[in-house]
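1. this is a predicted model, with the sequence first.
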Amino acid sequence: AWPHGGILRRDVEQAIAAARPTPGESPAAPARTLRDERIPLRGLRRTVADKLSRSRREIPDATTWVDVDATGLLDAKNALGRVRPDLGIGLLALLARICVDGLTRYPELNSSVDTDRAEIVRHGHINLGFAAQTDRGLVVPVVRDAHLMTTARLAAELTRLTGLARSGRLPPGDLTGGTFTLNNYGVFGVDGSTPIINHPEAALLGVGRIIDRSWVVDGTVMARKVAQLSLTFDHRVCDGGAAGGFLRYVADCVENPAVLLAHA
């Protein structure tokens, strides 16, 4: 190195050479211990397993998906945060608002199947479940009568239920009675999924991570905030037309939240 702290090329080359393993030597790897284990399937994990297994046995599910430019939705969230930070309206609350609005236009997806009576039951209310990861595992708290709530009220209820779930104080009654589920698995850093429907519901919307991607806007390629939306639905309650219509409506609202105002 130079007297005043400069670094020469030979200094870099020497440092690289010193870091290389000698012939016959393997790079050091972190120690890992593997062992056979048998973990009892009980408690919450058993309940979840039974429910998911029943969903797979009984529901002929299908999944459709679309990539969306979520830049507009993020801009709306940030604008609300600047104007009314006290409301605490985050991304999940806005997605919940969009889902609720979409379900009022596509009620086929807000339903369940009564196999004993061979009937499709379309619900006159929207109880919105949302997936929440806790120390005890994945739980799905339910926001009851979400269709009667403002976006701010939805945000408050999502925050309240998430807090109870993570502290282990969520009453069992708040985990039942859902009519549709929203799953933001993008928080795990993944783009897409084919989630299992939360039996006896008929549909579930999954949202992947929002990342910078190349996107064409008015004929010009630019960096935008892009995410993948996936809708898994019970093919007994509707065909692809209704499922695609719902998903496209949700995508339009994500790309341009003003659509919600136009249909209010």
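-> Now that the structure is in, tell me what you want to look at.
2. the residue nearest the centre of the chain: what's its closest spatial neighbour, skipping adjacent residues?
-> The structure's the chain has its C-alpha centroid closest to residue 184; by Cα atoms, centre = their mean the separation is 1.2 Å. Leaving aside its sequence neighbours, residue 184 sits nearest to residue 207 (Cβ to Cβ, 6 or more residues apart in numbering; 4.7 Å). In short, each C-beta sits where N, CA and C put it, glycine included.
3. for that neighbour, grab the count of nearby residues.
-> Taking other Cβ atoms under 10 Å as the criterion, the count of residues near residue 207 is 25.
4. what's the answer for residue 134, then?
-> 16.
5. then residue 111?
-> Neighbours of residue 111 under the rule other Cβ under 10 Å: 23.
6. quick one, phi psi at it?
-> Main-chain torsions, residue 111, degrees, to the nearest 10: phi -150, psi -180.
7. ok, it touching residue 236?
-> No. Taking contacts as Cβ atoms under 8 Å, residue 111 lies outside contact range of residue 236: 9.4 Å.
8. shared neighbours, those two?
-> By Cβ atoms under 8 Å, 6 or more residues apart in numbering, residue 111 and residue 236 have these common neighbours: 120, 202.
9. off-centre distance for stretch 178-193?
-> With Cα atoms, centre = their mean, to the nearest Å as the basis, stretch 178-193 stands 2 Å off its chain's centre.
10. and if you look at stretch 216-223?
-> 26 Å.
11. swap in stretch 205-220?
-> 16 Å.
12. any idea of the mean pLDDT in that stretch?
-> For stretch 205-220, mean pLDDT is 96.
13. ok, back up a step: bridging residues for the residue nearest to residue 184?
-> Under DSSP bridges, the beta-bridge partners of residue 207 are residue 229.
14. ok, it to residue 199 distance?
-> 21 Å (Cβ to Cβ, to the nearest Å).
15. can you check residue 185 too?
-> Using Cβ to Cβ, residue 185 is found at 19 Å from residue 199.
16. same check, this time on residue 85
-> 38 Å.
17. the more surrounded of these two?
-> Neighbour tally, residue 85 and residue 199, criterion other Cβ under 10 Å: the higher count belongs to residue 199, 19 against 9.
18. next up, the contacts around that one.
-> Contacts for residue 199 (Cβ under 8 Å, 6+ apart) come out as 51-52, 54-55, 58-59.
19. and what of residue 63?
-> By Cβ under 8 Å, 6+ apart, the contact list for residue 63 reads 194, 230-233.
20. which positions within the helix or strand of the chain with the lowest mean pLDDT qualify as buried?
-> The weakest-scoring helix or strand in the chain, judged by mean pLDDT, DSSP states H and E, is helix 9-19 (a mean of 72). Residues of helix 9-19 classed as buried: none (neighbour count, 16 or more other Cβ atoms under 10 Å).
21. likewise for stretch 69-85?
-> Buried, per 16+ other Cβ under 10 Å, within stretch 69-85: 69-74, 76-77, 80.
22. what does the helix or strand that the least confident helix or strand of the chain is followed by contact?
-> Using DSSP states H and E, the helix or strand that follows helix 9-19 in sequence is helix 43-58. Applying Cβ under 8 Å, 6+ apart, the contact partners of helix 43-58 are 41, 61, 115, 136-139, 196-199.
23. now the buried members of those.
-> 61, 139, 196-199.
24. tell me where this protein has strands.
-> 61-69, 111-114, 119-122, 128-130, 132-134, 137-139, 142-143, 180-183, 203-207, 211-217, 220-234 (DSSP state E).
25. would you turn those into JSON lines with distance to residue 104?
-> JSON lines is the format used below for the strands of the chain (distance: least, Cβ to Cβ, whole Å):
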{"stretch": "strand 61-69", "distance to residue 104": "20"}
{"stretch": "strand 111-114", "distance to residue 104": "13"}
{"stretch": "strand 119-122", "distance to residue 104": "12"}
{"stretch": "strand 128-130", "distance to residue 104": "12"}
{"stretch": "strand 132-134", "distance to residue 104": "24"}
{"stretch": "strand 137-139", "distance to residue 104": "26"}
{"stretch": "strand 142-143", "distance to residue 104": "15"}
{"stretch": "strand 180-183", "distance to residue 104": "11"}
{"stretch": "strand 203-207", "distance to residue 104": "14"}
{"stretch": "strand 211-217", "distance to residue 104": "29"}
{"stretch": "strand 220-234", "distance to residue 104": "16"}
